[in-house]
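Asker: Got a sequence here, can you model it:
(one chain, ligands or ions: 2)
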Amino acid sequence: MGIIKQMPDFLANQIAAGEVVERPASVVKELVENAIDAESTQIIVELIEAGIQQIKVTDNGKGIIAEDLPMAFMAHATSKIYESTDLFNINSLGFRGEALASIGSVSKVRVESMTEDDDSRHFIEIEGSKIIEEGLTQAKIGTTVEVNSLFYNTPARLKHLKTIKTELSHSLKFIQNIALAYPDIRFKLTHNGQEIFASHGNGNLQQVIASVYQPALARDLIPIQSESDDFSINGFISKPTLTRTSKQYIHWIINGRSVKSYMLDEVLIKAYGRQLMIGRYPIAIIRIQLDPRLVDVNVHPTKQTVRLSKEDELSELITQAVHQTLDVVNPIPSLEESD
Ligand code: ADP
Ligand code: MG
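Answerer: Numbering: from 1, shown residues only. Ligands and ions are numbered 1, 2, ... in the order given. Got it, this is the predicted structure:
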C-alpha cells in the first residue's frame, strides 16, 4: 500500500499560513489590501490587544455576493486572476487567493458583506477552516472582516509573538505605509477603542505625510516629479540638510505597493552624493508607476519585494530627478554669479 497522500485542505492552509500570516500585522495587511482591491474609499482597522485578541477591518468597497462567501475561504480561490497570462499583468494587490484561507485556518473569522445589487447583508463564520454559522445581518454595503483569537490552534506561533507594543507598531507602520501609497483612501486605525492614526483621504500626499510624521516635516519636503518612456515618478524628498540616521524614512511605492528595495535606496543616496553627511539618510516618499508587465510581484508570498525590468532606466530617472529637484533649492552657482 502506498504511503503518500494528498494532505487535507485544512493542513495545507495552515502550512500556507506559515508563510503569509506571521503576526497580527500580516492579517491587517491582507485584509486592508483586500479592501483596497474592492475599491473602498474608507477603511477602518480596529485592533484589540494589538490584534492578538481581535482584528476588525471595515470597508465601503464593492462587497462579496453571498454565494462567494464560502468560496473566499477556499485555498487558491480568487476573483483577481483566472489564467496564467494574468499573472504577468497584475493590477491588484492580491492575486494568490491564499490570505482568507490561511487566516481562516489559524483563527476564528466572521465576514459580513453586501454588494450594491444585494438587498441584504450576509455573514459567515469560520473556525479552523470550518464553516460554523451562516446567516443574514443588518444591511450596509461593503465588507467587515473580524479575526478573533489569532493562532488559537497554533500555539507555537502564538508563543513567538512579541509584546503588545511591538506587535502594534508593526500594524501601525503598515497602515502608515499604505496610507502614503493611497492618499485618496481615508484610513483609520484604533487600538483598544482609541484612535492612533488617521488620514484624510482627500488625495493630498503631503497631508498624509503630515499625519504619518509631523506637519512641520511634511512642509519642509520638496516635490519631485519626472517621467521616462516606461516610468513615471512623483512624491517628496528632503533637502540635504533635513536627514535622519536611519533609512526607514525612505518609502518606495511601486504601482500602489509599498516595497523595500535596497537597490533603489542606494540609487537615491548616491544621487544626493556628497551633500549627505556620512551616516545620514534623506527622507523620501516616491511613487513609481509603470506598466504592470514590467514588474514581477510574484517573488515572495508577502510581495514586499518585487523584481523590476529596466532597472537601469529607472535608476537614471531617479538620479536625474533628484539632481533637478535639489538644484532648485540649492542651485549650483553659475559662473557669472560667482564672479
Ligand atoms: P486574493 O486577494 O489573493 O484574491 P484572498 O484570500 O485575500 O485572495 O481573498 C479571496 C477573495 O475574496 C478575493 O479575490 C475577493 O474576491 C474576495 N474578497 C476578500 N476580501 C474582500 C473585501 N474586503 N471586499 C470584497 N471582496 C473581498
Ligand atoms: Mg487578498
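Asker: quick one: buried residues of the strand or helix carrying A218?
Answerer: Following DSSP states H and E, one finds A218 within helix 215-220. Buried residues in helix 215-220, counted by 16 or more other Cβ atoms under 10 Å: 217-218. Quick note: C-beta positions are derived from backbone N, CA and C, even for glycine.
Asker: repeat for stretch 76-93
Answerer: 78, 81, 90, 92-93.
Asker: For this protein, give me the ranges with low pLDDT.
Answerer: 332-339 (pLDDT under 70).
Asker: Which stretches in the stretch 201-339 of the chain count as helices?
Answerer: For the stretch 201-339 of the chain, applying DSSP state H, counting those that start in this stretch gives helices covering 205-212, 215-220, 262-272, 311-329, 335-338.
Asker: So which of those helices is the most surrounded?
Answerer: helix 205-212 (a mean of 20; mean count of other Cβ atoms under 10 Å).
Asker: Please list the residues outside that helix that contact it.
Answerer: Contact with helix 205-212 is made by 176, 179-180, 183, 197-200, 217-219, 221, 235-236, 285, 287, as judged by Cβ atoms under 8 Å, 6 or more residues apart in numbering.
Asker: Kindly report the residues of the stretch 101-250 of the chain close to ligand 1.
Answerer: 101, 143 (Cβ under 6 Å from any ligand atom).
Asker: Would you pull up the residue in the stretch 101-250 of the chain closest to ligand 1?
Answerer: Nearest residue of the stretch 101-250 of the chain to ligand 1: T143, at 3.8 Å (Cβ to the nearest ligand atom).
Asker: Double-check that residue against I65; I have them as touching.
Answerer: No - counting by Cβ atoms under 8 Å, T143 does not reach I65; the two are 11.1 Å apart.
Asker: The helix holding A218 packs against which elements?
Answerer: Here helix 215-220 touches helix 205-212, going by 3 or more Cβ pairs under 8 Å, 6 or more residues apart in numbering; DSSP states H and E.
Asker: Export only the CA atoms of the helix it packs on, formatted as CSV.
Answerer: Below are the C-alpha coordinates for helix 205-212, written out as CSV (Å, rounded to 0.1, in the frame of the first residue of the first chain):
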residue,chain,number,x,y,z
LEU,A,205,0.0,63.1,-0.3
GLN,A,206,1.7,65.9,1.7
GLN,A,207,-1.2,65.8,4.2
VAL,A,208,-0.7,62.1,4.6
ILE,A,209,3.0,62.7,5.2
ALA,A,210,2.0,65.2,7.9
SER,A,211,-0.3,62.6,9.6
VAL,A,212,2.5,60.0,9.5
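Asker: And the strands in the stretch 1-150 of the chain?
Answerer: 42-48, 54-59, 108-114, 121-127, 130-137, 142-148 (DSSP state E, counting those that start in this stretch).
Asker: okay, these in a markdown table with mean neighbour count and distance to V259 next?
Answerer: Below are the strands of the stretch 1-150 of the chain laid out as a markdown table (neighbours: other Cβ atoms under 10 Å; distance: least, Cβ to Cβ, whole Å):
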| stretch | mean neighbour count | distance to V259 |
| --- | --- | --- |
| strand 42-48 | 22 | 20 |
| strand 54-59 | 22 | 22 |
| strand 108-114 | 23 | 28 |
| strand 121-127 | 20 | 31 |
| strand 130-137 | 12 | 35 |
| strand 142-148 | 22 | 24 |
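Asker: a markdown table for those strands, including distance to ligand 2?
Answerer: Below are the strands of the stretch 1-150 of the chain laid out as a markdown table (distance: least, Cβ to the ion, whole Å):
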| stretch | distance to ligand 2 |
| --- | --- |
| strand 42-48 | 14 |
| strand 54-59 | 11 |
| strand 108-114 | 13 |
| strand 121-127 | 15 |
| strand 130-137 | 19 |
| strand 142-148 | 11 |
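Asker: Dump those to a markdown table, plus distance to V27.
Answerer: Rendered in a markdown table, the data for the strands of the stretch 1-150 of the chain read as follows (distance: least, Cβ to Cβ, whole Å):
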| stretch | distance to V27 |
| --- | --- |
| strand 42-48 | 10 |
| strand 54-59 | 5 |
| strand 108-114 | 10 |
| strand 121-127 | 14 |
| strand 130-137 | 19 |
| strand 142-148 | 5 |
